[in-house]
Every structure is written in C-alpha cells, then in structure tokens.
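Colleague: 3D model of this:
(4 chains)
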Number of protein chains: 2
Amino acid sequence: MNLPPLIQSFVLHFGEMGSRWGINRTVGQIYALLYVSPEPLCADQIVEGLGISRSNVSMGLRELQAWNLVILRHIPGDRRDFFIAPDDIWQILRTLAEERKKREVDPTLSVLRELLMQQPGSEEERYAQSRLMEMNGLIEQLTNWYDDVKRLDTERLATLLSLGSKVTRLLDAKDRIVSLGRKRRGDGQP
Amino acid sequence: MNLPPLIQSFVLHFGEMGSRWGINRTVGQIYALLYVSPEPLCADQIVEGLGISRSNVSMGLRELQAWNLVILRHIPGDRRDFFIAPDDIWQILRTLAEERKKREVDPTLSVLRELLMQQPGSEEERYAQSRLMEMNGLIEQLTNWYDDVKRLDTERLATLLSLGSKVTRLLDAKDRIVSLGRKRRGDGQP
DNA sequence: CTGAATTTTCAGAAATTTCTGAAATTACGG
DNA sequence: CCGTAATTTCAGAAATTTCTGAAAATTCAG
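Modeller: Here you go, the predicted structure:
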C-alpha cells in the first residue's frame, strides 16, 4: 500500500469496518480511497494505491457501482474508465439508506407478509404468526416514516434532525391545550 | 431441522439474512426460534429444533447475549439454562439500534476524530481531511439526533414516527409567519 | 479491419469464518 | 465433598468468502 499516512489510516479503517457494514475489505478500501480523492481515479491508480490485484479492483468497482456509491467518469482524450465517489454527503447518506433498506429490510418484509398469509396449522404456528405480525407492524411503521422523510430536501432533513425529540414537545403542548379544552367543557376524562 | 413449516420458513430466512445483518447463520436462526417461541427454550431444545451441534448453540447464545437480544431465564426446579427473546418489539428496536451504533458507527467516529487532530503533511492530506470533516459532521448530526430521540418513551417515539415529514410543515408555517412579521415591519428580505 | 490498450471473467488458491466433537470446566443436588 | 448434569472451550474440519493470475472479451484509434 502506497499512500500518505493519514489517507492510509482512513483506508485501512474502512477496510476493517467493511465486513461489519456488509461489504468486503477491498470494497471498503476502494470506496475510502475514492472518497478522499480530489480527482477521479482509474483502476490502475487504485491498484497502485492499495496494492491489490487488478481483477480485484475490477470486482470491487463493480460492486460499488451496484451500490450507487461510485460513478464512472470519462476524461476527454483518455480511453480508461475513471471513477469518483459523489461528493454530496447527504446524497451519500440517502444512497446508503436506500441500498441497505433494499438489502436488509425489504426481503424480510416480503417473507413476513407471505408467512402472515398462511393459515396456521397448529397453536405454535398461531402464536408465531402473532409475533410475526408485531414485527411486520413495526417494520412497516419504520419504512413508512423513512419513505416519507426521504422525500424531504436536504435543508428540511437537516432541520428535522436538529429538532430531534423537540418535535414531541410541540405535540405535548397541543395535547395539553386540547385536554384543557375538554376539561372545561366537561367531556372525556381528566 | 425439526420445526412446524411456518416457523421453519421464518427461521431459515433469518439464517440467510444473518450475514447481511452482521451475524452468522446460526445466530440468526437461534434468535428467530426464540423470537417465535411462547416459552423459554433450553440449549438442547434449540439443538433439537435447528439440528446443529450443542457447542454451536452455546456460542450462538453467547453472542446473542452480548447483543442483549436474548436473556437467561431460570425455571424453578430445573438446573438448565433457559433463554428468551424479550418480547417488547420497541425495546428490541432500541437494543438493535444501540448495538449496531456501537459496532458500526462509534469506531469510525473515533477514527475520524483522531485523524482530524493530525497536522496534514501535504495538499492531498489537507483535502482528505476536509472530506473527513464532512463525514464527521454528518455522523455527529445523526448520532445527536439518535441520542435525543432514543430517550423518548415508546408512545412519543411512535407519534414521532407517524408524524414523519409533517414535522417540517409546522416549521414552514412558523417560518412563514415570522417572515410575514418581518415584511410588515420592513426589516430583512422578503 | 487490425492490433494494442483496457476491462472483465472465472477457475482455483488463499484467507477467513463457521461449525463440530472431544475434553475441560462449572454448577449443584444429595 | 462426590458424582452427574450442564455448559464452555478450543483445535482442527468444513464451508464460505475473498483474492489472484491467466485468458477472454471489449473498446477504440488509426
């Protein structure tokens, strides 16, 4: 590996984390390298930088393209393929969320729905289905929230993040006002 | 494997997904089995159900305990260890979020902070640091949001989820009112 | 077209992870 | 304490994943 020390540390870390993130070491390293690179890199520059085989780089780039984390970029007058990691960090976040949902959540949601359609054949299965229903319900709440929130433009998304739990304070205030109104009118419980 | 068909399908699916979720097949299967089981199970019942070795079950249960996804439960008059998957689905969500953050995010955050402390030794490193700063900033925004939201009780959390992007509509409304006020007073831009 | 540059494919090697069975350790009723 | 039931450990087997080098395929300038 032939990189400036700071960049090398970052690349090695991404490589080590790769397996926890559902990608492999090489793929993590290639992404890290492209992420901190100011200009597009071609495969041979990646081979050079990381000290891995050309074919491995080819496969890694293909996987990163499948994840939409890296895009092909041509340089005029050069036959080689160059690659960049898109630089808008919020867009990267969206891409990661989308791809991880696709790989880690959607298949389970579809299995849960399928299993919930079946007629239970025993008391055990009936109980299991009730548990699957709880899981399905939660995942649906989460994915509905996600589908809604992902449509926000970045500014609003950032606002929503910085707001955090404060949102519910507004709601609490509203609830108090509503319940106060009821109390005065004398309907419903305290 | 010796399980009712519906439960077997669920267990096999969790096993297959395991690798995408950062656990292995057996661990996924053990969890799935406990999740749909109405009473605690002991190791031998899991061996029986899944058709894997006793030692593998032992290691799988240990990993699930490390994840706080499974807890040890004793049955009076029985020397064996029994296990359950806690049944509150919202608590499971919290546990998963916490453990995944610990494994998948915190180490990177700590590496980023460390690398950002270093004095860049070249223009390349200077640029790389600027990119690491962007990444660090985003992760901090996300983890701050998470640290805030995770303290909410379940009811409020569910409310916040069902609200989704509507939150920002309230804010937009507020902004419009504020800017209207400014307009009337004649300070600031439209 | 031709042929050199470039990329991709893929069989098998290398590395890593998972799993097992046997042995060691621990826990506990009597 | 003793003896047995239960659990854990761990070396190495099995399975899986990752990586490489050689060959095939593709691309494109001339």
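
Colleague: can you give me the strands for chain A?
Modeller: With strands called from DSSP state E, chain A shows them at A:41-42, A:71-74, A:81-84.

Colleague: Just the mean pLDDT for the first one, thanks.
Modeller: Average pLDDT, strand A:41-42: 97.

Colleague: Now render the strands of chain A as CSV, adding distance to DNA strand D and mean neighbour count.
Modeller: Where you see a C-beta, it was placed from the backbone N, CA and C, and this is true even at glycine. Output for the strands of chain A, formatted as CSV (distance: least, Cβ to the nearest atom of the strand, whole Å; neighbours: other Cβ atoms under 10 Å in any protein chain shown):
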stretch, distance to DNA strand D, mean neighbour count
strand A:41-42, 14, 21
strand A:71-74, 8, 12
strand A:81-84, 9, 18
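
Colleague: Now distance to DNA strand C too, for these, in a markdown table please.
Modeller: Shown next, in a markdown table, are these (distance: least, Cβ to the nearest atom of the strand, whole Å):
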| stretch | distance to DNA strand C |
| --- | --- |
| strand A:41-42 | 5 |
| strand A:71-74 | 8 |
| strand A:81-84 | 4 |
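
Colleague: now those strands as CSV including distance to residue B:150?
Modeller: Shown next, in CSV, are the strands of chain A (distance: least, Cβ to Cβ, whole Å):
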stretch, distance to residue B:150
strand A:41-42, 39
strand A:71-74, 35
strand A:81-84, 35
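
Colleague: Figure out which of those is closest to residue A:171.
Modeller: strand A:71-74 (41.2 Å; Cβ to Cβ).

Colleague: And the contacts of the closest one?
Modeller: Residues from elsewhere that reach strand A:71-74 (Cβ atoms under 8 Å, 6 or more residues apart in numbering or on different chains): A:40, A:65, A:81-84, A:86.

Colleague: If we use 6 Å, what do you get?
Modeller: Strand A:71-74 is contacted from outside by A:40, A:81-82, A:84, using Cβ atoms under 6 Å, 6 or more residues apart in numbering or on different chains.

Colleague: cool, stretch A:15-22 as well?
Modeller: By Cβ under 6 Å, 6+ apart, stretch A:15-22 touches A:24-25, A:28-29, B:20, B:22, B:103-104.

Colleague: quick revisit: farthest-separated two in the contacts of strand A:71-74?
Modeller: Largest separation among the contacts of strand A:71-74 by Cβ to Cβ: A:81 and A:84, giving 11.1 Å.

Colleague: Which residue ranges of chain A form helices?
Modeller: Using DSSP state H, the helices of chain A run over residues A:5-18, A:25-35, A:43-50, A:54-66, A:89-100, A:106-117, A:123-149, A:154-163, A:166-185.

Colleague: Of the ones you listed, which stretch is the most buried?
Modeller: Comparing the helices of chain A by mean neighbour count (mean count of other Cβ atoms under 10 Å in any protein chain shown), helix A:25-35 ranks first with a mean of 24.

Colleague: Endpoint to endpoint, stretch A:77-95 covers what distance?
Modeller: 31 Å (Cα to Cα, to the nearest Å).

Colleague: thinking again about what came up before, ranking the helices of chain A by mean pLDDT, which is last?
Modeller: Sorting those by mean pLDDT places helix A:166-185 lowest, at a mean of 68.

Colleague: Pick out the residue nearest the middle of chain A.
Modeller: Geometric centre of chain A, nearest residue: residue A:97, 2.0 Å, by Cα atoms, centre = their mean.

Colleague: Next, find the distance separating residue A:62 from residue A:69.
Modeller: Residue A:62 sits 12 Å away from residue A:69, going by Cβ to Cβ, to the nearest Å.

Colleague: And residue A:78, by the same measure?
Modeller: 23 Å.

Colleague: With neighbour numbers in mind, choose between these two.
Modeller: Neighbour count, other Cβ atoms under 10 Å in any protein chain shown: between residue A:78 and residue A:69, residue A:69 has more, with 20 against 10.

Colleague: do you know how far the more buried one is from DNA strand D?
Modeller: 16 Å (Cβ to the nearest atom of the strand, to the nearest Å).

Colleague: Chain A against DNA strand D: which residues are in contact?
Modeller: A:19, A:24-27, A:52-56, A:59-60, A:79 (Cβ under 7 Å from any atom of the strand).
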